[in-house]
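Chemist: Any chance you can model this:
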Amino acid sequence: MSSATQQNDLTLHLSELLASLTKFYDVLGAESNALFNNDSALLFEISQQKEAQSNQISLQIKQLESSFGLPTNLVTLQNSDELKSQPRSAQQVLEKIIELSESCKELNMRNGITIQALFNLNSQMIEILSGNESPSVSLYNATGAKKHGGTKSSLGKA
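Modeler: Numbering: from 1, shown residues only. Sure, this is the predicted structure:
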């Protein structure tokens, strides 16, 4: 394969990866909105889309590595001699990929923290509603004073 063809092929592969990352970022945004709106059915659908996009991105990165012998770590790739010898267009696409991957990482972490917080809140509510006072849950009485444990009360009997 000629050098010009290989350079164009690399730029094409990087552009495809950028498109996949853009779709993944959109899925993460939809996940964030679904979390905000408490739409569990949509969250389930989004989790499947998120997994499919993630698998697609992984395949594209492996293909880049095997076809061009480039490192899969984006920062290492950005600083590699192989990339510096590529056309400026490939370098610019890679810069966009790095920026977008950082944005994806941050949004994914934010969504994960939200999911964990909702899980903890739901777990505490279940403990309270079932009459099991968890040591990590602070309850307050009608006057606003901290309620001390020792009195378990159930909501009713079946």
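
Chemist: Now do the same for the residue nearest the centre of the chain: helix, strand or coil?
Modeler: Within the chain, one residue has its C-alpha closest to the average C-alpha position: by C-alpha atoms, centre = their mean, that is residue 108, at 2.4 Å. When classified by DSSP: H, G, I helix; E, B strand; the rest coil, residue 108 comes out as helix.

Chemist: give the contact list for it.
Modeler: The neighbourhood of residue 108, defined by C-beta atoms under 8 Å, 6 or more residues apart in numbering, consists of residue 28. (Glycine included, C-beta is placed from N, CA and C.)

Chemist: Would you confirm that residue 16 belongs to a helix?
Modeler: Yes. Applying three-state DSSP, one finds residue 16 inside a helix.

Chemist: What about it, how many residues nearby?
Modeler: By other C-beta atoms under 10 Å, 15 other residues sit near residue 16.

Chemist: Likewise for the one 10 residues further on?
Modeler: Here the neighbour count serves as a burial measure; for residue 26 (other C-beta under 10 Å) it reads 12.

Chemist: gap between it and residue 88?
Modeler: Applying C-beta to C-beta, to the nearest Å, the value for residue 26 to residue 88 is 27 Å.

Chemist: Can you tell me the closest non-neighbouring residue to residue 21?
Modeler: Distance criterion C-beta to C-beta, 6 or more residues apart in numbering; nearest residue to residue 21, sequence neighbours excluded, is residue 100 at 4.7 Å.

Chemist: isn't the one you found right next to residue 25, touching?
Modeler: Yes. Applying C-beta atoms under 8 Å as the test, residue 100 and residue 25 come out as touching, 6.1 Å apart.

Chemist: sorry, back to before: which pLDDT value does the model give the residue nearest to the centre of the chain?
Modeler: pLDDT recorded at residue 108 is 95.

Chemist: Residue 9 too?
Modeler: Residue 9 carries a pLDDT score of 83 in this model.

Chemist: can you count the residues close to it?
Modeler: Residues lying near residue 9 (other C-beta under 10 Å) number 14.

Chemist: The helix or strand containing it - contacts with which helices or strands?
Modeler: Secondary-structure assignment from DSSP states H and E places residue 9 in helix 3-36. Other elements packing on helix 3-36 under the criterion 3 or more C-beta pairs under 8 Å, 6 or more residues apart in numbering; DSSP states H and E are helix 40-68, helix 88-129.

Chemist: and of those, who's closest to residue 77?
Modeler: Smallest distance to residue 77 across those (C-beta to C-beta): 6.7 Å, for helix 88-129.
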